[in-house]
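In: What would the 3D arrangement of this be:
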Amino acid sequence: MPTPAAAANAYAALARMGEQTRSLAGDAAGQEGGPNFGTMLKDVMDGVTAAGRKSDVQANAVALGKANMIDVVTAVAESETAVQALVSVRDKVIAAYEEILKMPI
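Out: Presented below is the predicted three-dimensional model:
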């Protein structure tokens, strides 16, 4: 089971990634009128962070005897799914970037 220190480190890492995404989104703002990739990525990061926090709140509540175990399992499963989706998107973005690097100039 994850320790509180591990959870805090994971949240800090997500927050740093979110700040970097926000700064990238701010740099790209004003270039085009539609939604941009940076804004979309920021929203996804915020959602993953929120899912992780929800699962921790549920775990703490069940430890105090104030929540149902089914709610904890559901929250943890949602958090795990969100992180897996985020990792899959990250892998696809990295693969696309590597493909772009291979293109002849």
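In: Can you classify Lys66 by secondary structure?
Out: coil (DSSP: H, G, I helix; E, B strand; the rest coil).
In: which residues touch it?
Out: Going by CB atoms under 8 Å, 6 or more residues apart in numbering, Lys66 touches no other residue. C-betas here are computed from N, CA, C, even on glycine.
In: where does it sit relative to Ala59, distance-wise?
Out: From Lys66 over to Ala59 the distance is 11 Å, taken as CB to CB, to the nearest Å.
In: biggest helix in the protein, by residue count?
Out: helix 69-102 (DSSP state H).
In: model confidence over it, on average?
Out: Across helix 69-102, pLDDT averages out at 88.
In: what helices or strands is that helix leaning on?
Out: helix 37-63 (3 or more CB pairs under 8 Å, 6 or more residues apart in numbering; DSSP states H and E).
In: Who are the packing partners of the helix it packs on?
Out: Against helix 37-63 (3+ CB pairs under 8 Å, 6+ apart) you get helix 4-28, helix 69-102.
In: Okay, buried residues for it please.
Out: Of the residues in helix 37-63, those with enough neighbours to count as buried (16 or more other CB atoms under 10 Å) are 38-39, 41-42, 44-45, 48-49, 51-52, 54-56, 58-59, 62.
In: Thanks a lot, see you next time.
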